[in-house]
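Student: Pasting the sequence and the predicted model now:
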Amino acid sequence: MLGRLDQQRNFFDEILFNHMLPADHPLLDIDRAVDFSFVEEETADRYSADQGRPSYPPEQLVRILFLAVWANLSDVQVCQQLRYNVLYRYFCRLGWEDAIPDDTTLVRFRQRLGEARWQRLLHRLVEQARAKGCLKGRWLVMDSSPVVAHAAARTRVQLLREGGQAAASRPAGGAAGGEGTGGAGRAGAGRDL
């Protein structure tokens, strides 16, 4: 049965979101500019009108999948991020006490839509965001995984991330930090690149 998105947030969620969200984040610009409301109409034929338990609202699932593409996250990673990332929860219309769909739900939802319909929905959302100035350049969405090989040349950003991860994985006071260089206090500083 088609689940419907509750447009009204509870008082606690409003206070939390008002105090925790950054004022000028690009994801909030997309949230304000892009209209996701057409998703329910586009997906209604895939659900029974009166049988079964209510599904997660299709608009919510499309928001989660859009977020995964926007943030370059896998289904598993986006579900993990939704557990504690306030900004992502707000964008996906998840209150603090709402259940988070698991990665299997996202896979089954994409299968239910079919590849052509999912690509059409995503294209419509990307075009809206581009028309409102929220996205620049061209998007190419492919179902693929990056493969790191010894032959692949790494960019500076990848090298910095790897260095930050290596520094963060060293125990505090390890030989790599040394005395007087910041040691463990500096190890996490490079991870926010």
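Tutor: Cool, got the structure. Treat the numbers as computed from the prediction; the structure is a model and nothing was measured.

Student: how about low-confidence regions in the protein?
Tutor: 1-13, 15-20, 137-154, 156-157, 159-160, 163, 167-168, 170-193 (pLDDT under 70).

Student: ok, 50 please
Tutor: Where the chain drops to pLDDT under 50, the residues are 1, 4, 139, 176-193.

Student: which residue ranges form the helices in the chain?
Tutor: 11-20, 26-33, 38-43, 58-71, 75-84, 86-91, 103-113, 115-131, 156-169, 183-187 (DSSP state H).

Student: buried set for the third one?
Tutor: I take that to be helix 38-43. 39, 40, 42, 43 (16 or more other C-beta atoms under 10 Å). (Glycine included, C-beta is placed from N, CA and C.)

Student: what do you get for the second one?
Tutor: When neighbours are counted by 16+ other C-beta under 10 Å, the buried residues of helix 26-33 are found to be 27, 28, 30, 31.

Student: Would you mind pulling up the elements that it packs against?
Tutor: helix 58-71, helix 86-91, helix 115-131 (3 or more C-beta pairs under 8 Å, 6 or more residues apart in numbering; DSSP states H and E).

Student: who touches it?
Tutor: 21-22, 67, 70, 87-88, 90-91, 128-129, 132-135 (C-beta atoms under 8 Å, 6 or more residues apart in numbering).

Student: For residue 48, state which of these is nearest.
Tutor: Among the contacts of helix 26-33, residue 67 lies closest to residue 48 (C-beta to C-beta), at 27.2 Å.

Student: ok, that closest one to residue 23 distance?
Tutor: 19 Å (C-beta to C-beta, to the nearest Å).

Student: of the two, who's got more company?
Tutor: Remark: of residue 67 and residue 23, residue 67 carries more neighbours, 20 against 5, as counted by other C-beta atoms under 10 Å.

Student: what about the more buried one, distance to residue 14?
Tutor: 21 Å.

Student: Also residue 120?
Tutor: Applying C-beta to C-beta to residue 120 and residue 14 gives a distance of 34 Å.

Student: Tell me the one among the contacts of helix 26-33 nearest to residue 104.
Tutor: Among the contacts of helix 26-33, and counting by C-beta to C-beta, the member closest to residue 104 is residue 67, at 17.3 Å.

Student: That closest one and residue 155, how far apart?
Tutor: 24 Å.

Student: same thing with residue 33?
Tutor: Applying C-beta to C-beta to residue 33 and residue 155 gives a distance of 30 Å.

Student: now do residue 22
Tutor: From residue 22 to residue 155 the distance is 26 Å (C-beta to C-beta).

Student: before we move on, what about residue 69?
Tutor: In terms of C-beta to C-beta, residue 69 sits 21 Å off from residue 155.

Student: which of those two has more neighbours?
Tutor: residue 69 (14 against 9).

Student: wait, which of the helices of the chain is closest to residue 51?
Tutor: Once these are compared by C-beta to C-beta, helix 103-113 is nearest, at 15.3 Å.
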